[in-house]
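1. need a 3D model of the sequence below.
(one chain, ligands or ions: 2)
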Amino acid sequence: MHSNNHASIINDIELVCKKRNVKLTNQRRLVLEIMLQAKKAMSAYDLLDLLKQDEPQAKPPTIYRALEFLIEQGFIHKVESSNSYIICPHFSHPNHISILFICDNCKQILEKNNHEIEHQLQQLANQSHFMIKHSIIEIHGLCPSCASSTNLTS
Ligand SMILES: [Zn+2]
Ligand SMILES: [Zn+2]
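-> Ligands and ions are numbered 1, 2, ... in the order given. Presented below is the predicted three-dimensional model:
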């Protein structure tokens, strides 16, 4: 992935923000750029450290406010089991159920979504008159490259 690609993702996100009448502030944009460059899940403190290179006055509440906005808008997801954050590749489709395949060895996270699973979960929720706001399914295991390296000692 090249920086051109990052710029076009940021542009797309900006368009979505305009349509929703919300503002992608400079700080929020910087956080997105950092996450796009990292290409992996990041903790709030990792993000804060990198944000400080551009915004030395940034403090933990700065990053949490930015993350909260980005989660609310569906541009990123919080990975509860590793207390980290990832960019969502399906941000223009905010009500999806995201299925995260988390590699316990290299910490790489792959997001998938599946309409059949979404449909079935929706049916289950309807049966219980439960209104789904957001849902993330976290699945732990090994990615292909870690699964194929035989000398895994843990
Ligand atoms: Zn997603
Ligand atoms: Zn792995």
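2. may I ask which helix or strand encompasses M35?
-> Element membership of M35 [criterion: DSSP states H and E] is helix 26-38.
3. who touches that helix?
-> 1, 6, 9-10, 13-14, 24, 42, 46-47, 50-51, 54-55, 58, 62-63, 66-67, 69-70, 75-76, 85-87 (Cβ atoms under 8 Å, 6 or more residues apart in numbering). (C-beta placed from N, C-alpha, C; glycine too.)
4. out of those residues, which end up buried?
-> Burial by neighbour count, judged by 16 or more other Cβ atoms under 10 Å, picks out 6, 9-10, 13, 24, 42, 46-47, 50-51, 58, 62-63, 66-67, 69-70, 75-76, 85-87 from the contacts of helix 26-38.
5. give me the below-cutoff pLDDT ranges for the protein.
-> Counting by pLDDT under 70, the chain contains low-confidence residues at 1-4, 94, 150-154.
6. flag every buried residue along the helix ranked longest in it.
-> Counting residues, the longest helix found in the chain (DSSP state H) is helix 3-20. If you call a residue buried by 16+ other Cβ under 10 Å, then helix 3-20 has these buried ones: H6, I9, I10, I13, V16, C17.
7. now do the SS call for H96.
-> coil (DSSP: H, G, I helix; E, B strand; the rest coil).
8. dump the residue contacts of it.
-> Here H96 is in contact with H90, N113, E118 (Cβ under 8 Å, 6+ apart).
9. now this protein against ligand 1: closest residue?
-> C88 (3.2 Å; Cβ to the ion).
10. next, count neighbours for that residue.
-> By other Cβ atoms under 10 Å, the residues close to C88 number 21.
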